[in-house]
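1. I would like the atomic coordinates for the input below:
(one chain, ligands or ions: 1)
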Amino acid sequence: MSQDKYIVSARKYRPSTFNTVVGQEALTHTLKTSIASGRLAHAYLFCGPRGVGKTTCARIFAKTINCTNITADGEACNECESCRAFNEQSSFNIVELDAASNNGVDDIRELNGQVLIPPHTGKYKVYIIDEVHMLSQAAFNAFLKTLEEPPEYAIFILATTEKQKIIPTILSRCQIYDFTRITVPDIVKQLERICEVENIKAEPAALNIIAQKADGGMRDALSIFDQVTASSEGNITYQSTIENLNVLDYDYYFRVVECCLTGDVPQSLLIYKEIRDKGFDSQFFINGLAQHLRDLMVASTPSTKTLLEMNEEVSERYVQQAAKLPAGFFYRALDLCNTCDLNYRNATNKQLIVELTLVKLCQIMVPTPAPVATPSTPPLRKITPPASQPTPAQAAPAQAAPAPTPTSTYAQSIPQPQVVSEPQPRVMASEHRVKPQAQAISSRIYVNKKVSPANEDKRPETADTKGVRREPFTKEQVLVAWKQYIKDHPHEKLVVSAMTSSEPQNESDTQYFIELTSQAQVTFMEGSKPAIMEYLRNAVKNDMLALEIRLNESKPEKKIYTPREIVEEIKQHNPQFKSFIKDFQLGLA
Ligand SMILES: [Zn+2]
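-> Just a heads-up that it's a prediction; the model follows:
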């Protein structure tokens with residue numbers, strides 16, 4: 001297509017019939033039916049987000065009701081004199097007013113004057129008022145009169161993105177149509193049609209990105225599409241699209257989740273660095289990761305897969321990764337990302353808070369390690385990158401660990417004792433290098449064994465030769481640690497709520513259980529169990545401590561009082577309080 005004839009896609013591919021409107025099938029069907037049956041209202045209100053076809057539908061509606069030769073399908077013929085006038089934008093039977101820029105009472109008075117003039121040709125005059133919520137109060141009032149007693153031939157179509165700002169007197173006089181966001185697959189399909197017409201090659205994943213970026217608006221999708229097309233020379237690839245739109249490749253998120261699966265902390269931190277190096281904001285990354293986890297969660301069950309807004313090819317990848325993860329993982333991982341997002345703004349060391357979140361994410365799936373312990377000196381544990389060969393030390397399942405890079409930062413600022421091997425990673429001293437080949441791996445780190453609050457007393461730990469701790473402990477200690485965990489993790493709201501609702505009971509010295517009242521809580525707690533067990537075992541210095549999470553649906557849920565219920569409760573037991581409320585007219589009664 002040559003430059004002088006260039007028309008933006010949003011205009012070139014603006015639908016001219018109801019059937020070609022994308023993603024609003026139910027609504028266009030109703031409009032067609034009402035035209036066919038001749039039951040036309042005098043006022044319509046089209047509500048919905050920007051760029052989803054409100055004005056387009058209003059124009060098609062105006063054209064169709066004036067068409068002298070409506071097709072059997074209920075569409076405008078696009079051939080009669082009236083249709084041609086509409087298509088050439090020369091019809092006098094359509095008046096469009098943009099209330100965003102013409103919102104004064106004078107503009108409406110002028111419109112009211114125009115309404116009095118009957119159509120020269122055709123049956124109806126259609127007045128489209130765009131962004132009608134922008135009208136001033138006086139303009140609204142002036143318009144109301146016309147809306148109450150319109151001439152036979154006048155039809156008003158009011159369009160707005162903010163329905164809640166329309167006064168009830170107007171709402172009650174309109175037939176209301178709610179336009180919905182256009183789904184990603186619908187947008188992709190439309191883009192594919194355009195590609196075919198324009199002879200453009202496009203990867204489905206690229207069109208998917210464009211559709212996602214458009215956030216439900218066709219007009220935005222088409223202008224983004226134009227932007228990408230302009231620099232793609234007829235071949236739209238996924239890679240060129242994400243570069244053009246400055247979108248983070250979702251491949252990064254897939255890789256981070258792979259790290260969570262294998263407990264590969266170092267790799268997750270390296271991926272995060274790569275993302276930073278590309279110039280992406282850390283909070284953007286965490287939110288993107290949360291969105292990815294959410295998408296995986298909905299992809300994990302067939303019933304919620306429909307919530308996955310992406311085309312088949314891309315969604316298949318989500319389904320595959322989701323299949324590897326238990327439901328509990330998603331809840332806990334989403335909670336961690338959410339906490340990170342909430343704390344991000346106030347964090348002094350923003351990079352650290354993201355890294356710490358990654359560390360925790362990588363620990364969800366990793367089985368609770370049996371820590372290596374020796375009676376006198378705190379043992380050092382080795383973190384190895386995934387590529388290295390297994391060594392005896394590595395074979396011990398102790399491995400959750402911080403990054404290979406910013407060691408000193410880690411040593412000082414990991415705030416919570418939940419992480420397995422914190423908080424003092426040290427670069428391996430040379431005398432600790434047992435095997436020559438180990439020297440080749442620069443990122444090896446030895447980590448001092450955990451210092452949990454309960455470790456502060458200096459009694460030597462009882463541990464067997466394999467490093468499994470077997471210190472005797474009491475139920476009291478378990479309960480104290482349980483409560484301390486709740487206290488230390490206020491942001492993990494769902495965990496805290498489950499832990500608060502049920503205290504551990506024991507069946508033997510080391511066998512404990514809790515009973516929860518809903519399957520959702522059980523699933524969630526299962527996901528968080530590794531971290532909790534790590535914490536509890538450290539607190540009692542016994543790796544044999546076990547916790548079973550049981551579902552007991554018969555157990556009544558702990559009553560949660562609303563403020564009103566509390567007031568009622570006090571009133572019951574304290575009559576003076578009642579009169580106090582009354583005397584002071586405290587809106588509590
Ligand atoms: Zn026609």
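
2. and Ile157, helix, strand or coil?
-> At Ile157, secondary structure determined by DSSP: H, G, I helix; E, B strand; the rest coil is strand.

3. just give me the neighbour total for it.
-> Other residues near Ile157 come to 27 when the count uses other Cβ atoms under 10 Å. In this view, the C-beta of every residue, glycine as well, is placed from N, C-alpha and C.

4. where does the stretch 1-150 of the chain have low pLDDT?
-> The stretch 1-150 of the chain contains residues with pLDDT under 70 at 1-4.

5. if you average pLDDT per helix and strand, which one of this protein comes out bottom?
-> strand 445-448 (a mean of 34; mean pLDDT, DSSP states H and E).

6. can you name the next helix or strand after it?
-> Remark: after strand 445-448, the chain's next helix or strand is helix 475-488, criterion DSSP states H and E.

7. for that following helix, what is the distance to the chain centroid?
-> 33 Å (Cα atoms, centre = their mean, to the nearest Å).

8. give me the phi and psi for Ser508.
-> For Ser508, the backbone dihedrals (degrees, to the nearest 10) come out as phi -140, psi -170.

9. quick check: it vs Lys529, distance?
-> Distance, Ser508 to Lys529, by Cβ to Cβ, to the nearest Å: 19 Å.

10. got the contact list for whichever residue of the stretch 251-400 of the chain sits closest to the ion?
-> Nearest residue of the stretch 251-400 of the chain to the ion, counting by Cβ to the ion: Asn311, 35.7 Å away. The neighbours of Asn311, taking Cβ atoms under 8 Å, 6 or more residues apart in numbering as the test, are Val184, Pro185, Val188, Pro204, Leu207, Asn208.

11. tell me which helix or strand the last one sits in.
-> Looking back up the chat, that one is Asn208. With DSSP H and E as the test, Asn208 turns up in helix 204-214.

12. which strands or helices does that helix pack on?
-> For helix 204-214, the packing partners by 3 or more Cβ pairs under 8 Å, 6 or more residues apart in numbering; DSSP states H and E come out as helix 184-198, helix 218-230, helix 238-244, helix 312-322.

13. go with 10 Å
-> helix 184-198, helix 218-230, strand 235-236, helix 238-244, helix 250-262, helix 312-322 (3 or more Cβ pairs under 10 Å, 6 or more residues apart in numbering; DSSP states H and E).

14. do you know the pLDDT at the residue of the stretch 251-400 of the chain closest to the ion?
-> Note for Asn311: predicted pLDDT of 76.

15. do the one 5 residues further on as well
-> If you check Glu316, the pLDDT there is 89.

16. mind jotting down where the strands sit in the stretch 451-589 of the chain?
-> For the stretch 451-589 of the chain, the strands defined by DSSP state E, counting those that start in this stretch occupy 505-506, 511-516, 546-551.

17. list the buried residues of stretch 258-265.
-> Cys259, Cys260, Gly263, Asp264, Val265 (16 or more other Cβ atoms under 10 Å).

18. can you list the residues you listed in a markdown table and add pLDDT and distance to the ion?
-> Formatted as a markdown table, the buried residues of stretch 258-265 follow (pLDDT from 0 to 100; distance: Cβ to the ion, whole Å):
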| residue | pLDDT | distance to the ion |
| --- | --- | --- |
| Cys259 | 95 | 61 |
| Cys260 | 94 | 59 |
| Gly263 | 91 | 67 |
| Asp264 | 93 | 65 |
| Val265 | 93 | 67 |
